[in-house]
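Undergrad: turn this into a structure:
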Amino acid sequence: MLYYGYTNVIPILNTDTSIYNITSYNDSLRRLNLMPPCDLRFYKDGSRDFDMFYATWILNNDQVFFEFFKIVYDLYIGKDVFLVMDNGDWSENIIESLLKLIQQRYGYNGCMIDSFESYVYAQNNISSRFEPFGLMNLDIDKDRFSILLARMNPNLLKEE
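TA: The predicted structure follows:
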């Protein structure tokens, strides 16, 4: 299941949930490099132009794609993922744009968690999975991720 929300929710999550800091100022959380290199005012826009810019930036940059696909890969192997955001329009727009990319590319929906009750509700009532229309993109992107992983860590390919 893909969740997103603020740091106050982290203590209620299952211990095996992958937690990724996207826009939070909390430095103790693992941060993914998914902040686009543009003027903060552009983040506040939340328009289709920003969504297109953000998706293009992620998909056309190997380093950024690698960071992005960590989220998708964890979902693929069955792990819950929690994306941490900060309060504010710019932060919410980035998370929203990221979630749109995941939904449109793979058919996987995210769920906002802001309390224990919403967490329990999501676990019991919301189905999140890769949709059939997104499986081809998932396969293509898994292959790209594997190639990038091997390139970044060539020792994975050596026999022991």
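
Undergrad: and the contacts of stretch 7-23?
TA: For stretch 7-23, contacts defined as Cβ atoms under 8 Å, 6 or more residues apart in numbering pick out 3-4, 24, 26, 29-32, 34-35, 70-71, 74, 79-86, 90-91, 94-95, 98, 113-116, 119. Yep, even glycine has a C-beta here, placed from its N, CA and C like the rest.

Undergrad: in it, which residues are buried?
TA: By 16 or more other Cβ atoms under 10 Å, the buried positions in stretch 7-23 come out as Thr7, Val9, Ile10, Leu13, Ser18, Ile19, Tyr20, Asn21, Ile22, Thr23.

Undergrad: redo the residues you listed as CSV? Include secondary structure.
TA: Putting the buried residues of stretch 7-23 into CSV (DSSP: H, G, I helix; E, B strand; the rest coil) gives the following:
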residue, secondary structure
Thr7, helix
Val9, helix
Ile10, helix
Leu13, coil
Ser18, strand
Ile19, strand
Tyr20, strand
Asn21, strand
Ile22, coil
Thr23, coil
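
Undergrad: just those now: which is nearest Leu138?
TA: Among these, Ser18 lies closest to Leu138 (Cβ to Cβ), at 17.2 Å.

Undergrad: tell me where this protein has strands.
TA: 2-5, 18-21, 81-84, 110-112 (DSSP state E).

Undergrad: can I get the CA coordinates of the second one in CSV?
TA: To tie it back to what came earlier, the one meant is strand 18-21. Provided in CSV are the C-alpha atoms of strand 18-21 (Å, rounded to 0.1, in the frame of the first residue of the first chain):
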residue,chain,number,x,y,z
SER,A,18,9.5,1.8,3.8
ILE,A,19,9.6,5.5,4.8
TYR,A,20,10.8,8.0,2.2
ASN,A,21,11.3,11.7,3.0
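
Undergrad: quick one: distance of it to the chain centre.
TA: For strand 18-21, the separation from the chain centroid amounts to 8 Å (computed by Cα atoms, centre = their mean, to the nearest Å).
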